[in-house]
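**Student:** Provide a 3D model corresponding to the input given below.
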Amino acid sequence: MNSLESGSNIQSGLEMILEKSPDTIVLVDRNLTLVKVVSAKDNYYRYLAKNCIGKQPQALFPEGKNHDQYEVYGTAIKRVFEGQEKVDFSFEVSFEGKNYYYLSQASLFNEELAVVYTRDVSSLKTEKNLQELINTILDRLPLGVFVKDGADHFNYLYWNHFMEEITGVETREIEGHDDFEVNYDALMTAEERLETDMNVIKTGQTARFRGKVKSVSGDYRDVEVAKYPISLNNGKPLILVLWRDITSELATENTLRRTRILTKMALRASDIHTCLIFINPESTHEFKDSTVIFNDWNTLSEDVIEESWGQFINRAHPDDQVYYHNMFTSLCRGERSEVRIEARMLLFGKKECVWREIFATVYERDEKGRPSVILGCSTNIQERKDQELSLEEAKVKAEVADKMKSKYLADMSHEIRTPLNAITGFSELMAFADTDEERMSYYDVIKMNNQLLMQLINDILDISKIEADVIKINYEQLDVNELMDTIYASAKLRVTGGIELILEKGADYCMFGTDSMRLLQLINNLVNNAIKNTKEGSITMGYTIQPDSQLRFYVRDTGTGIEEEKLKDVFGRFVKINDYMEGIGLGLAICKGLVVKMGGSIHVTSELGVGSEFSFILPSHE
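**Tutor:** Alright, predicted model coming up:
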């Protein structure tokens, strides 16, 4: 039977199918010859449909890759005729360098013909490949990704492999369900998640939060979550959620923070300060608009302090500011690559400037090679400076001591030779004295010079004992008024001319615990000095009672007085206010040493040409 004898019935049937189907429809006989091609696009596998009639499929599939596809096509048609069943198949055609994909279904049309419905799915295949690529990428990402439907109870639409691993919930278990139907550690309760999701959709704002979740392996992971509002082209609202495992990141941050704090502790212990200076190469203000950034070195806080160079330079001592600024500007101008200076700086929380050694170097330059960033650090050198000052002072003192020693030896030589010469000379004269009266006068001179020599030796021994801290103090109770009367009587014999000696007592009766011999020595020394320096007027000696059972002894005269600039040295060794007076300058040094040894203090007030007052305060010792 001729397959075309069906006539108009077949033609009309095919036309009806064509009107309702987007597929290309082909009638094929048992020999695989194309009998009829009906195509809405008027083409078949990229050939004009009318050019395919009467040909077999292999004519449409050139040799090579497409030949394999012909085999697929032919096998499917044969199965239809042999088994009288529907056969679904797909194949790929290469045409002009491009690949096209087709889905087909073949079925028996009548005993002699098979009908084949073919649809071009090339665009769908491309979309599917792209979707598979996107899914593969999302599954390979080192972060969790899932999507929720904002228009349907926030059901889960997508759930990547990372989320499966960290929560233990598989994609098939969660897609199509909401938070109330699936339980997993999500940092929040289902109610809190719903409230957060609704707020994201309502406000259009991203929600971010952090927390710890327990992974499938049982360990806790630090997670950072971000929820983004997005929408499809049709306006459907979605929520894109990203989970980022920040466990390692936080561990690294904590390690770095510990390192920074330990470094800062070490720098604080060593008193080393660092800073960054950002320079404006175009500055028209002598670079005073540069920015200085440094830590608050009084705490372990990582907060930084930011100041302009103009503010920072004011921390330098006024005497060092100009030099410091000049060195800084030489770096900024590129005249130097590094500098090292010493300057006094006022640090935070300090009231006084301290010496610091400052080192600075150019760290970065701009595209024109001009300095843009300077690194600086400073160390505390106050102790070194103090040592240098101490050495300088010690040097000066040594030089002064050397001069004083030379002067002391000269004075001692002179002071010792004077009484010795007198003793020697008058001893010889005694042998040739004619009368007893003359001999007695020589004896008196020898005796006086013996006493002077003895006093000189005693002073030298006393100052040596005081400085060696081996002098002995013996405390006892004594009647102060009685002691003062004794000293007054002795001193009155030594006062000559019209000088008046006055005794002032602080009480009618006064018992005091002290060393009587040392107190006698103290007052006598002061009275003797007053006698030497007073030519007219008066000398007043006395005492007053002070709080806490202390006594203040004083000797006041109307003598020559002392220049103000010499008062600070008056208690020093070998200091003589008047080089023409007898003595070697040990009396007041001995007085100060004894007073300090006895737990007291000694003072002097004086006015040149008016007079002086020497006083000392002693505590009572039982």
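
**Student:** pull the number of nearby residues for Tyr442.
**Tutor:** Tyr442 has 19 neighbours, counted by other C-beta atoms under 10 Å. The way it works is simple: take the backbone N, C-alpha and C, and place the C-beta from them, glycine included.

**Student:** could you do the one 4 residues further on as well?
**Tutor:** By other C-beta under 10 Å, 19 other residues sit near Ile446.

**Student:** before we move on, what about Phe553?
**Tutor:** For Phe553, using other C-beta under 10 Å, the count is 23.

**Student:** and for the one 10 residues further on?
**Tutor:** The burial metric for Glu563, expressed as a neighbour count using other C-beta under 10 Å, is 11.

**Student:** cool, and Thr263?
**Tutor:** Around Thr263 sit 12 other residues, with neighbours defined as other C-beta under 10 Å.

**Student:** which helix or strand contains it?
**Tutor:** Using DSSP states H and E, the element containing Thr263 is helix 247-269.

**Student:** now that helix: buried residues?
**Tutor:** By neighbour count with 16 or more other C-beta atoms under 10 Å, helix 247-269 contains the buried residues Lys264, Leu267.

**Student:** kindly report the same for stretch 356-368.
**Tutor:** Residues Arg356, Ile358, Ala360, Val362 are the ones in stretch 356-368 that count as buried (16+ other C-beta under 10 Å).

**Student:** Phe180: what's it in contact with?
**Tutor:** Ala190, Leu194 (C-beta atoms under 8 Å, 6 or more residues apart in numbering).

**Student:** give me the helices and strands touching the top helix by length along the chain, please.
**Tutor:** Looking across the chain with DSSP state H, the single longest helix is helix 382-431. Judged by 3 or more C-beta pairs under 8 Å, 6 or more residues apart in numbering; DSSP states H and E, the packing partners of helix 382-431 are strand 354-365, helix 436-468.

**Student:** can you count the residues close to Ile277?
**Tutor:** Ile277 sits with 24 neighbouring residues when counted by other C-beta under 10 Å.

**Student:** and it, that's in a strand?
**Tutor:** Yes. Applying DSSP: H, G, I helix; E, B strand; the rest coil, one finds Ile277 inside a strand.

**Student:** tell me which helix or strand of this structure sits lowest on mean pLDDT?
**Tutor:** Every helix and strand of the chain was ranked by mean pLDDT, DSSP states H and E. The lowest is strand 43-44, at a mean of 52.

**Student:** against Phe162, how distant is Val169?
**Tutor:** Using C-beta to C-beta, to the nearest Å, one gets 12 Å for the distance from Val169 to Phe162.

**Student:** output the helix holding Thr263 as PDB, nothing but the C-alphas.
**Tutor:** The C-alpha trace of helix 247-269 is given here as PDB (Å, rounded to 0.1, in the frame of the first residue of the first chain):
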ATOM      1  CA  THR A 247      37.300  30.100  63.200                       C
ATOM      2  CA  SER A 248      40.800  30.200  61.700                       C
ATOM      3  CA  GLU A 249      40.500  33.900  61.000                       C
ATOM      4  CA  LEU A 250      39.500  34.700  64.600                       C
ATOM      5  CA  ALA A 251      42.300  32.400  65.800                       C
ATOM      6  CA  THR A 252      44.800  34.300  63.600                       C
ATOM      7  CA  GLU A 253      43.400  37.700  64.800                       C
ATOM      8  CA  ASN A 254      43.700  36.600  68.400                       C
ATOM      9  CA  THR A 255      47.200  35.400  67.800                       C
ATOM     10  CA  LEU A 256      48.100  38.700  66.100                       C
ATOM     11  CA  ARG A 257      46.500  40.600  68.900                       C
ATOM     12  CA  ARG A 258      48.300  38.600  71.600                       C
ATOM     13  CA  THR A 259      51.500  39.300  69.700                       C
ATOM     14  CA  ARG A 260      50.800  43.000  69.400                       C
ATOM     15  CA  ILE A 261      50.000  43.200  73.200                       C
ATOM     16  CA  LEU A 262      53.200  41.200  74.100                       C
ATOM     17  CA  THR A 263      55.200  43.500  71.800                       C
ATOM     18  CA  LYS A 264      53.700  46.500  73.400                       C
ATOM     19  CA  MET A 265      54.400  45.100  76.900                       C
ATOM     20  CA  ALA A 266      58.000  44.500  75.800                       C
ATOM     21  CA  LEU A 267      58.300  48.000  74.400                       C
ATOM     22  CA  ARG A 268      56.700  49.500  77.500                       C
ATOM     23  CA  ALA A 269      59.100  47.500  79.700                       C
END
